[in-house]
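Below are the sequence and a predicted model; questions follow.
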Amino acid sequence: MTLYAASTPRTIGLVLAIIVAVGFAVYVLFNIRAGRKEIGAEVELAPNRKPYYDDETLETKRLDIALSAGVAVLIIIALC
């Protein structure tokens, strides 16, 4: 006969893993049930939405700003 939980740390780890797995499963089930209520909610455009920048603006100035910010954050992370 094999003992699966032979030590206290292994037993604690197994219990925590089971709790996390059950919690994740419950989260997924609630998330799926909540998502079904919104089917077709985006058929009409929400009144608080406005047209965003066109492709020409996004692919030049805005893209350069986003890429520069990403490189700056990457450099900061690499130096820390």
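In hand now; what should we look at? Please read these numbers as outputs of a predicted model, since none were measured by experiment.

So what's the residue count around Y27?
10 (other CB atoms under 10 Å). Where C-beta positions appear, they are placed from N, C-alpha and C, glycine not excepted.

next one: L29
Neighbours of L29 (other CB under 10 Å): 10.

Which helix or strand lies directly C-terminal to the lengthiest helix in the chain?
In terms of residue count, the longest helix belonging to the chain (DSSP state H) is helix 8-36. Sequence order places helix 55-57 as the next helix or strand after helix 8-36, per DSSP states H and E.

Convert the C-alpha atoms of the following helix or strand past that following helix to PDB, please.
As assigned by DSSP H and E, the chain's next helix or strand after helix 55-57 is helix 63-79. Taking Å, rounded to 0.1, in the frame of the first residue of the first chain, the C-alpha atoms of helix 63-79 are listed here in PDB:
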ATOM      1  CA  LEU A  63       2.100  53.200 -31.700                       C
ATOM      2  CA  ASP A  64       5.500  55.000 -31.300                       C
ATOM      3  CA  ILE A  65       4.500  56.300 -27.900                       C
ATOM      4  CA  ALA A  66       3.300  52.800 -26.700                       C
ATOM      5  CA  LEU A  67       6.400  51.100 -28.000                       C
ATOM      6  CA  SER A  68       8.700  53.700 -26.400                       C
ATOM      7  CA  ALA A  69       6.900  53.300 -23.100                       C
ATOM      8  CA  GLY A  70       7.300  49.500 -23.300                       C
ATOM      9  CA  VAL A  71      11.000  49.800 -23.900                       C
ATOM     10  CA  ALA A  72      11.400  52.300 -21.100                       C
ATOM     11  CA  VAL A  73       9.600  50.000 -18.600                       C
ATOM     12  CA  LEU A  74      11.700  47.000 -19.900                       C
ATOM     13  CA  ILE A  75      14.900  49.000 -19.200                       C
ATOM     14  CA  ILE A  76      13.800  49.900 -15.800                       C
ATOM     15  CA  ILE A  77      12.900  46.300 -14.900                       C
ATOM     16  CA  ALA A  78      16.300  45.100 -16.300                       C
ATOM     17  CA  LEU A  79      18.200  47.600 -14.200                       C
END
